[in-house]
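S.K.: what follows is a predicted structure for the sequence shown.
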Amino acid sequence: MTYKMLVSDIDGTLLNSQGRLTDGVKQAVRDLHENGVIVTLATGRNLRGVLPLIEELGVSVPVILGNGTVIADPLKRETLLHRPLPKETAHKLIDVIRGHGLWSSVFVHTFEGIDTYYDRDPGFDAAYLFVNRDPQISQQVDDFRTVTGVDPLKVLLIDKPEKVYPLIEDLRKIDDHKFNMFVSTYDFPGYVFLEMFDHASSKASGIDHLAQAFGIGQSEVAAVGDNLNDLEMIRYAGLGVAMGQGVDELKQASDWTTKSNDEDGVAYLIRERLL
């Protein structure tokens, strides 16, 4: 089978366990691109979080952000798809989080300026991976309801399991079917990561939208990831690939398992199956 598009997750997939893009992966991606295959990214990150990688890899096509809630072309500064959370839904989520005495953050999609709002300083390093306290890109607010002119893309927090799991139970009681919830302990030992975003969005829906724009069929797409937010895109793709160190459920759903991210698993996939 000839594949016309490779879609790669970033953290735990394209990057190694030190958060670095190795020369081997960079060269393999360039070789694939030179062979006429479209290479793009599908990530939970926002635009600011992928710009350095886009430049380093030479990605020249739109990328899938926020777990499929946004498709953006950074070079043209165009947004092809934007599926924010309804504001009322975001407010309900934040109210429940506040009721548990926890901090929260709201991410928005923008090409410049502030893209993160948070209600209080979380006070621990794991959270600072997501909440950058640079006032040029993030802003502390007492209540997100006071923020005007922006649409909430997702609500996010990370905290200790004994705090987050009771919260999750109450969030699931919200009589509102307009949000997806992604929960992970995979990347953050000792913590639970939680984010909520548009109910109709996933990396798979983002890939489908982008593939159609390029006239590429579902069977002509290869996708690779490591975590449960990659599950739907792995099932969607004509070739769904799990990273060697990825979660078991993903491996079981995949068509093939490559090497780990510390063994240049994306490069191994490209050399073995795509070139």
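M.R.: Alright, I've got the coordinates. These numbers come from a predicted model, not from an experiment.
S.K.: tell me where this structure has helices.
M.R.: Residue ranges of the helices in the chain, as given by DSSP state H, are 23-34, 51-57, 87-99, 125-128, 161-171, 203-214, 231-236, 248-253, 265-269.
S.K.: how many other residues sit next to the nearest residue to residue 219 once chain neighbours are set aside?
M.R.: Of all residues beyond its chain neighbours, the one nearest residue 219 is residue 238 (3.8 Å), with distances taken as C-beta to C-beta, 6 or more residues apart in numbering. Yep, even glycine has a C-beta here, placed from its N, CA and C like the rest. With neighbours defined by other C-beta atoms under 10 Å, the count for residue 238 comes to 18.
S.K.: once you drop chain neighbours, what's closest to residue 156?
M.R.: For residue 156, ignoring the flanking residues on the chain, the nearest one in space by C-beta to C-beta, 6+ apart is residue 195 at 4.3 Å.
S.K.: for residue 236, same thing?
M.R.: Closest residue in space to residue 236, ignoring its immediate chain neighbours: residue 204 at 4.0 Å, by C-beta to C-beta, 6+ apart.
S.K.: how far away is that neighbour from residue 67?
M.R.: 10 Å (C-beta to C-beta, to the nearest Å).
S.K.: so what's the residue nearest to residue 219 up against?
M.R.: By C-beta atoms under 8 Å, 6 or more residues apart in numbering, the contact set of residue 238 is 1, 3, 217-222.
S.K.: which residues of the protein fall in strands?
M.R.: Under the criterion DSSP state E, the chain carries strands at the ranges 5-8, 38-41, 63-65, 70-73, 78-82, 105-107, 116-118, 138-140, 154-159, 179-184, 192-198, 221-225, 239-242, 256-257.
S.K.: and the longest one, what's its mean pLDDT?
M.R.: What strand 192-198 shows for mean pLDDT is 96.
S.K.: ok, that strand: who's next to it in the sheet?
M.R.: For strand 192-198, the paired strands and their directions (DSSP bridges) read strand 154-159 (antiparallel), strand 179-184 (antiparallel).
S.K.: who touches the last one?
M.R.: What it means is strand 179-184. Residues from elsewhere that reach strand 179-184, judged by C-beta under 8 Å, 6+ apart: 44, 67, 85, 89, 93, 164, 168, 171-172, 192-199, 201-202, 227-229.
S.K.: cool, and stretch 136-143?
M.R.: Looking at what lies outside stretch 136-143 - C-beta under 8 Å, 6+ apart - the contacts are 48, 113-121, 131-132, 147.
S.K.: start to end distance for that stretch?
M.R.: The first and last residues of stretch 136-143 sit 19 Å apart, counting by C-alpha to C-alpha, to the nearest Å.
S.K.: and for stretch 57-74?
M.R.: Start to finish, the residues bounding stretch 57-74 are 13 Å apart (C-alpha to C-alpha).
S.K.: quick one: mean pLDDT for that stretch?
M.R.: Predicted confidence along stretch 57-74 averages 95 (mean pLDDT).
S.K.: got the buried residues for it?
M.R.: Across stretch 57-74, burial judged by 16 or more other C-beta atoms under 10 Å covers 57, 59, 61-72, 74.
S.K.: with stretch 164-174 instead?
M.R.: For stretch 164-174, burial by neighbour count (16+ other C-beta under 10 Å) applies to 164, 167, 171, 174.
S.K.: list the contacts for the second one?
M.R.: Contact partners of residue 167, counting by C-beta under 8 Å, 6+ apart, are 96-97, 100, 102, 194.
S.K.: got the contact list for stretch 9-20?
M.R.: With C-beta under 8 Å, 6+ apart as the test, stretch 9-20 has contacts from 8, 21-22, 25, 41-45, 50, 53, 186-187, 203, 224-227, 230, 243, 245-246, 261-262, 264-266.
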